[in-house]
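>>> how would this look folded up:
(chains A, B, C and D)
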Amino acid sequence: MSSPLARSPIPPGPATERDGWEVDARVPGGPLTLSDETPLAKVHVRAPFDGASRAALGVGFRRTRRADLGAGEVLVVGSGPGEWLVLGAPGTAGALRAAVEQRLAGTGEFTSVLDLTHGRALVRLHGAAAPAVLAGVCAIDLADAVTPDGSAFRTSVAGVVTDVVRDDLGGTQRSGAAASDNGGVRSYLLHCERSSGRYLADALLDAGRLSGLAMTGFRGLA
Amino acid sequence: MSGGNGNGRPEKLRGYSAWSLLRRGLTHEDWPRAWREHELRSSYDAVIIGGGVHGLATAYYLARDHGMRNIAVLEKAYVGGGGSGRNTAILRSNYLTPEGVRFYDRSVKLYEHLAADLNFNVMFSQRGHLTLAHNDASLRTMHWRTEVNKLQDVDSEVIGPDRIAELVPYLDVSDETRYPILGALYHPPGGIVRHDAVVWGYARGADVHGAHIHQQTEVTGIDVSGGRVTGVQTNRGRIATPVVLNATAGWSSLISDMAGVAMPVQTSPLQAAVTEPVRPFLDTVVVSGTLHVYVSQTDRGELVFGASVDPFASYSMRGSLEFTEGIAGHVLELMPALHRMRLLRQWSGLCDMTPDYSPIMGPTPVEGFYVDVGWGTYGFKAGPVSGEAMAACLATGKPPEIISSFGLDRFLSGRLVGEKGAAAVGH
Amino acid sequence: MSILPTTRRTATPTSQRLGHRAGEVIDRSRTVSFTWNGRPLSGHPGDTIASALAAAGERVLSRSYKYHRPRGLLTADYLDPGAFFQVGDEPNVRGAHRLLEAGMAVSSQNTWPSLRFDLKAANGLAGRFLATGFYYKTFIKPEPLWPLYEKVLRTFVHAGAITPDPGAAYYDKRHAHPDVVVAGGGPAGMAAAVAAARAGASVMLVEEDHQLGGHLRWGDGAALARLRALRAQVAAQPGIEVLTDAVVTGRFDDNWIPIVARSLPGITERLVKARAAVLVVAPGLIERPYVFAGNDLPGVMLSTAARRLVNLYAVRPGSRAVVMSANPEGDAAVADLEAAGVEVAAVLDARRQQGVARAHGRGGLRAVETTDGRRIEADLLVTATGWTAPTSLLNQSGDRPVYDQAAARFVPDPDRMPANVLAAGGIVGDGTVDQLVEQADAVGREAARRATGGSAAGTVPGLRPAPHPELFAAGTGGFVDLCEDVSAKDITTAVAEGYDSVELAKRYTTVTMGPTQGKLETVNAVALVAHATGRSIAETGTTTWRPVYAPVTLGALAGRPREPVRYSPMQPWHERHGATPLVAGQWIRPEHYGDPAAEVTAVRTAVGIIDVTPIGKLDLRGPDVAELLNLLYVNKWSKLGVGRVRYGVMCADDGVVLDDGVTGRLGEDHYLMSTTSSGAATVWEWVENWLQTAHPEWQVHVTPVTTAYASINIAGPRSRDLLSRLTDPEDVDLSADAFGYMNVRTGTVAGVADCVLWRIGFTGELSYEIHVPASYGLHAWERLVAEGADLGVRPFGVEAQRILRLEKGHAIVAQDTDGLTQGFSAALDGLIKLDKDDFVGLPELRWQQGRDSHPRLVGLQPLDGTVVPPEASQILRTDGSIAGRVTSSRMSPTLGRAIGLAQIDPELAEVGTRVTVRLPDGRDVAAEVTGLVHVDPEGERQRV
Amino acid sequence: MMLLPCPWCGPRNATEFRFGGEAGRRPDPASASPEEWRRYLYFHTNPAGWSTETWYHGAGCRRFLTVERHTVTHEVRAARDTATGTTGEGIS
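Purely as a prediction, here's the structure:
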């Protein structure tokens, strides 16, 4: 029996395989891009919003942080009151879940840790014009003063309930992209129910049509 | 009794005709007032609160058919200023339940002869009414309504995309759309009417038969003594009366509260909008429940749009942007060629929504206090039949059979009316 | 005089283009060709359609609504009621605002057979009889003729036309969050924007015209110098986004401000939805027309129109003019006309009781009759009789304008404005440009302070409206509304007939209801009503200004189509294999793959697979899940063992059936709940509602996992054979003893770990529902298809599933029930446990059972098995009354006969009762009430 | 469109929420009379003024909120998480 291949809901351009996933083979790059990041491990945590678990995860609702919880570098997102989303490298979901469970075990709180890697679609909208594109389909104020780098919020994006994470990437890493004041290039991770993923990606591409938004290859968390 | 039956034209209601128009055009003689102003009496045999189509029609039939002439209609602003002047003027009788179909069918019949009856052209345009089905479930409901309608001799049928395209060439009936049109409930007697004309015609008719119409007269209290009504307080003074009818919309629970009678209603705005005119291209009324939109084109060439009520309790008539965005998006889903048409004006009316999408009509626990309320988004259609039925109810103290399903007591006894099944957007 | 219109004998119009003007906006170095009613003409870039026509000497631009009277330019701006054109397939184009483009096909609207010779103008002769209320008083009898009259009336509609072809257009939307939106880009708007931005606010400055500047643009040299300075300040000031050819179309709750922006590259129109902290309303003033006999003749125009034509477009508006002036702007128009070489035959100074009584002419102005009885030959009459403050945006914010008699206009009431709305410039009062700018500067600073400082509202300097004579109507007749052809006489007639409030008169005459939205007409109409009733204008009051502030296309409001749609992971396979799509809510599902009956037979005789991914799935964790299930389901859950699944039904507290599904216990504190596809979102919210509002003390975590799993039902006698090829018995033992009916297991399927397998039976066959982590759904499906080839595996769609479940008598919520169906009417007698302490819906269900008068859900079979009574066929009693209806029906491929389910009144619900079913074609057929289950009533097939 | 001040997410467009009606109390199902039960089901105060209501922030924090809102002006004077009582203070 061939080992199963995991597929994203967003059809790739030229496809290749990576960590058991079919991914878009293009080298990521371009001034304004959308990439399918669905293969990232996605671990969902529920716990009291203001207790020991929050302390253990190091971040509360509406903020993110990069950390190592014991299974490599991850992005911890305070995605809701008493809800967290932990994003890690493809293929690490099992280890990540175990690491998070272990970290929360000592809190004595009522917690749940679920692997939702296959339950959610995840894309990254990247580039200096990303806020302008997102403003076409999202009512939240994307100004630095309101939603700075490291913000997380859930809202309706093109009619789909979406977790939005502002996760600017360092300006020196990718030439050609304009950097914002704090040195990074505007970048948003958008995360929704898997079955809406294809629609969301299409809607974002459509919203970015006049700005030159193009699909590019898988980037990963870095 | 004076006047006559529903088809008889009382002697006094003549006056408007092409000939008299010509004569006055030549002589430059002014027309008489359509209804007169009167002093507010200190007592009336009955007081009707609300100068919309329901209140005025009730006054008209009460005076004409039941000989009650010492009656007053109290209107806090101007006649027809509430829901009667804010609805989208669609008439139909293709309801779901037998009691609903029978009731609204009587209303359409009265509307068909209303112009002649009132000697006032209400411009009832029976251009046909299409309710589109975009999925199995709504198509099944269309069939259900059709079958019930046919058993009551109401003209309804389910038609397919080809017939729909013939009736409305601008509709996109291809299966390429996000909400494909699978079929439609076609109701030829349905149509649109000039809503203000209905109000004015009834006001003129009620006036001719002796009813007093008091505009700018706001009810501020209802006097109840020993479990029965004794009078109403207004901004112009107290009126003694043994019979009070609450025929308001939007404020119906507040008025009933004045008499100590609780109403199972939630008030929410219903929004509507109109475009600039274009030359006529849409002959039928088009409704899509799935897309929450209804459209018709007036004789002036404007498109009139409506939707479902705003999804929360509110007494605001300020309107909203999401309403016009939603309407425009959904209209263009149905008729993509309309994107260059311009929306000219939007407005709101207040609707009193009941738990079972049916009205509340008849007596209340307070003797002499009657209600004709809870009309949700469908009150205008029922104006004539409600007036006829409530007139009988006020005159006899008992609700006539045709409204027996709509009593207030049904909510406490758990016998709700079954229109809920079809009513999400029922225009 | 060549420009005098407009009979068929008129000579060809000649150019009226003037020499260079200091403030002109046209580019004379280039020409733009277009056609006017098929005739080639040209103008310059920067021309509006109307200015190009006026430059070409065209004076009659349209015909009026009711009487088909010839009309020319009145305001020469967006509002001009005489300049509505059809441009290509676009109707009602504002010809005095829309810029000329090369190749435009411009035509006048509603003229037949031609603009110059309009047959319907005969209506004008009947004008005396077409007076107000005409339609209400005629065509009443005979009744049968009304539809014919109506058809004729509709042919008189004054408007452009649309075509069924949508053509190409691109509309989009954008959200914006400026601190301050300034509505109006005249001197006050520019000054307010600059001041607010200097104070640190982000500002969006919105101007309806194509350039900033307002009235400075058509002013004198000093005004033009001031214009350049202000524009330079705006351009140099960071933090201001300027939108020209854009309009604020409304103000909604919490300063939600839609702005339609045009002239953006690649975009037909964009709707900017701004959530602004503060709105500054600075639209200036609108010049008000004067009502007198003949006031609609081509050649009669406002002073601002004449000045725009001369100074912006270098067009001579006439050759011999009379000017009626009541204000400095009117006086300035005199100077402009003289400078343009127009002979000013007379200036009537309204401040000295001079004025126009009547205008004479046919097809165009020929002479002006003054109030002192003079008759002056002229082809141009310019009026400057007063101003209207466009208070609509303020009214939408809660303000009620008050009438200032000394200034002869309604002005905003500063006490009624909310703290997040301010007014600047001419709408507030009058002054020199310096004074306007000074006030606006202070407003801009205050706006920034309120937007960014958050402190309590400070004071805002006002501007006093300047004294102005009250000039509305000469009393000689004329039109108060040129869009709607409503005359002054119509208003007085309406009042005499009892339509004596502004709102009633408006509705009776339709005054102010046309495309100019009353901006030009309302105050005159109010004045006429006041005069007719003997009340003052202040007592009469004004009508309610409703959104939209300016007409908006449906395209702009709609934007790009954005209707969310959901797909299962197997969708690519379905598309490749010819599935007929079914739109089910947001989901696109396979209805069938060509032959639903054969798909049914495959399930009954071999094995079928169906994609049931849309079935709602909730992951429930925590020690109190069983309590939750006991509360929400009508049946009991406390004793469900680990590894077991159970069917449950939820009702609401009114006893009405809400949803159903199976829930399995995967671990001690871990359950997986399934719901109907359409109920997935509702049930999730329902569960959260009870947890959060009624039992926050319960420890339960709910996570929606509907699309975390690809769900596949494998059904049929060979389903075990098929599934066993993809599983390892060491991991999941499929044998009947190890994995019995209504059990759940977790394990690896087709190499995919963490799958959930339920043995359940919606189809009545041996069947397994497998839930595969969604990324592997397509893989698992393809493996099932490949491994099952020799077993006769066949994919089946929703239609086959409907038949299969109907054969088994399984009700579908919302098909076999409706919005009022309580539990005991859904054949749940065995399931509902009235002995529980509580569950949602318990009291109503107890009372329903006690009454015992409710309809029942039953099986139904027509005696003639070849006749399938369509769903919704009514069941009749002998007296013809309705006793019930067919809720589901199909031809059963398994039984070879028609079967159904029905809701039926209790007296006919006994099994074996014969009933009459009325078919849609009117025929009656006999049918027999049966048990719910038509195939395998004992359920033996699913327990193997 | 009015803004609702979500105690968790901050001010959001009302379209992100679902209106749950006036906040009411469910009678004891064991002892409620039909009339009491149906008053709970169907009869609410429907004021033209301040109203205490339930809203569900379905497109945001997915919490049920108790909101005091004016039904004429749409002004909101208080909003808290129904279960936790959170009013927004102390959230970072």
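>>> what's the domain layout of the chain?
Going with chain A. Using automatic domain parsing, the domains assigned to chain A come out as A:15-39+A:119-216, A:41-117.
>>> wrong one, I was asking about chain B
Taken from automatic domain parsing, chain B resolves into B:46-89+B:195-264+B:356-423, B:126-189+B:266-353.
>>> would a markdown table of those domains with mean neighbour count be doable?
Bear in mind the C-beta positions are built from the backbone N, C-alpha and C, glycine included. Below are these laid out as a markdown table (neighbours: other CB atoms under 10 Å in any protein chain shown):
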| stretch | mean neighbour count |
| --- | --- |
| domain B:46-89+B:195-264+B:356-423 | 23 |
| domain B:126-189+B:266-353 | 21 |
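>>> circling back to that earlier point, now the domains of chain A as JSON lines including distance to residue C:274?
Below are the domains of chain A laid out as JSON lines (distance: least, CB to CB, whole Å):
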{"stretch": "domain A:15-39+A:119-216", "distance to residue C:274": "11"}
{"stretch": "domain A:41-117", "distance to residue C:274": "24"}
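>>> Can you tell me which of those has the worst average pLDDT?
Lowest mean pLDDT of the domains of chain A: domain A:15-39+A:119-216, a mean of 91.
>>> Centre of the chain to that one, how far?
8 Å (CA atoms, centre = their mean, to the nearest Å).
>>> near chain B, anything from it?
No - in terms of CB under 8 Å from any CB of the partner chain, no part of domain A:15-39+A:119-216 sits within range of chain B; the closest distance is 10.4 Å.
>>> how long is that domain from one end to the other?
The first and final residues of domain A:15-39+A:119-216 sit 11 Å from each other (CA to CA, to the nearest Å).
>>> closest one to chain C among the domains of chain A?
Between chain C and the domains of chain A, the shortest gap by CB to the nearest CB is with domain A:15-39+A:119-216, which sits at 2.6 Å.
>>> hey, C-alpha coordinates of stretch B:326-334 in CSV?
What follows is stretch B:326-334, C-alpha atoms only, in CSV (Å, rounded to 0.1, in the frame of the first residue of the first chain):
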residue,chain,number,x,y,z
GLY,B,326,-27.3,42.8,0.3
ILE,B,327,-30.2,43.7,-1.9
ALA,B,328,-27.9,44.9,-4.7
GLY,B,329,-25.8,41.7,-4.6
HIS,B,330,-28.8,39.5,-4.6
VAL,B,331,-30.6,41.3,-7.3
LEU,B,332,-27.5,41.1,-9.5
GLU,B,333,-27.2,37.4,-8.8
LEU,B,334,-30.7,37.1,-10.3
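>>> mind listing the helices in chain A by residue range?
Per DSSP state H, chain A carries helices over the ranges A:52-57, A:93-105, A:130-134, A:197-207.
>>> Any idea how many residues pack against residue C:101?
12 (other CB atoms under 10 Å in any protein chain shown).
>>> measure it to chain A for me?
20 Å (CB to the nearest CB, to the nearest Å).
>>> Equivalent analysis for residue D:78, please.
Taking CB to the nearest CB, one finds residue D:78 at 18 Å from chain A.
>>> which residues sit in contact with residue C:748?
C:727, C:728, C:731, C:732, C:754, C:755 (CB atoms under 8 Å, 6 or more residues apart in numbering or on different chains).
>>> Number of residues surrounding the fifth one?
Using other CB under 10 Å as the criterion, residue C:754 is surrounded by 16 other residues.
>>> quick one: it and residue C:731 touch, right?
No - using CB atoms under 8 Å, residue C:754 is not in contact with residue C:731, being 11.4 Å away.
>>> Give me the number of neighbouring residues for the closest residue to residue C:729 other than its chain neighbours.
Spatial nearest neighbour of residue C:729, excluding adjacent residues (CB to CB, 6 or more residues apart in numbering or on different chains): residue C:735 at 7.7 Å. A total of 10 residues lie near residue C:735 under the criterion other CB under 10 Å.
>>> okay, residue C:735: pLDDT?
96.
>>> and what of residue C:458?
Predicted confidence (pLDDT) for residue C:458: 70.
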